[in-house]
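Student: coords below, sequence missing:
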């Protein structure tokens, strides 16, 4: 279909979604990208945030991803996500506990790699809270 783009969202556990959509908006490192049919080919890194799937000009589904990679061709968008959870399935207490654990890990991090990993986990937890409309308290 010329007015649709094939969208696949894959996590390490499973194929989360595979369907034709009107548009998909992906949170990339350099900013959000809207993928429509005929999009210029690209490969990009995905930051923690919400993927919005559009049908009939409006958002039909929102999925939180914690990062990954996206490949776009003129008729397909494939997102390989580290983690994917429907926004409606996110839980505030789980995200808050994740944030607190990451902050504790950062506080006791000894090596640069431990600091980088803890900071990445903090960003993911904060993005998860933001997806629920909650501002993370520091």
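Tutor: Great, that's in hand. Keep in mind it's a predicted model, so treat the numbers as computed, not measured.
Student: in the sheet, who's paired with the nearest residue to residue 32 once chain neighbours are set aside?
Tutor: Closest residue to residue 32 apart from its sequence neighbours, by C-beta to C-beta, 6 or more residues apart in numbering: residue 25 at 5.5 Å. Using the backbone N, CA and C atoms, a C-beta is placed for each residue, glycine as well. For residue 25, the beta-bridge assignment (DSSP bridges) gives partners residue 34, residue 52.
Student: which ones are touching residue 25?
Tutor: By C-beta atoms under 8 Å, 6 or more residues apart in numbering, the contact set of residue 25 is 32, 33, 34, 35, 51, 52, 54.
Student: ok, and the closest non-adjacent residue to the second one?
Tutor: Closest residue to residue 33 in three dimensions, ignoring its sequence neighbours and counting by C-beta to C-beta, 6+ apart: residue 26, at 5.4 Å.
Student: and for the one you found, the neighbour number?
Tutor: Counted with other C-beta atoms under 10 Å, residues neighbouring residue 26 total 25.
Student: how close does it get to residue 62?
Tutor: From residue 26 across to residue 62, the span is 12 Å (C-beta to C-beta, to the nearest Å).
Student: roughly how far does the residue nearest to residue 33 sit from residue 39?
Tutor: If you measure residue 26 against residue 39 using C-beta to C-beta, the figure is 11 Å.
Student: same question for residue 5.
Tutor: In this view, residue 5 and residue 39 are 7 Å apart by C-beta to C-beta.
Student: buried residues of stretch 58-67, list them for me.
Tutor: Buried positions in stretch 58-67, judged by neighbour count with 16 or more other C-beta atoms under 10 Å: 61, 63, 64, 65, 66, 67.
Student: apart from its neighbours in sequence, what residue is nearest the fourth one?
Tutor: With C-beta to C-beta, 6+ apart as the criterion, residue 65 has its nearest non-adjacent residue at 4.1 Å, and that residue is residue 81.
Student: and the one you found, backbone torsions?
Tutor: Dihedral pair for residue 81: phi -100, psi 140, per degrees, to the nearest 10.
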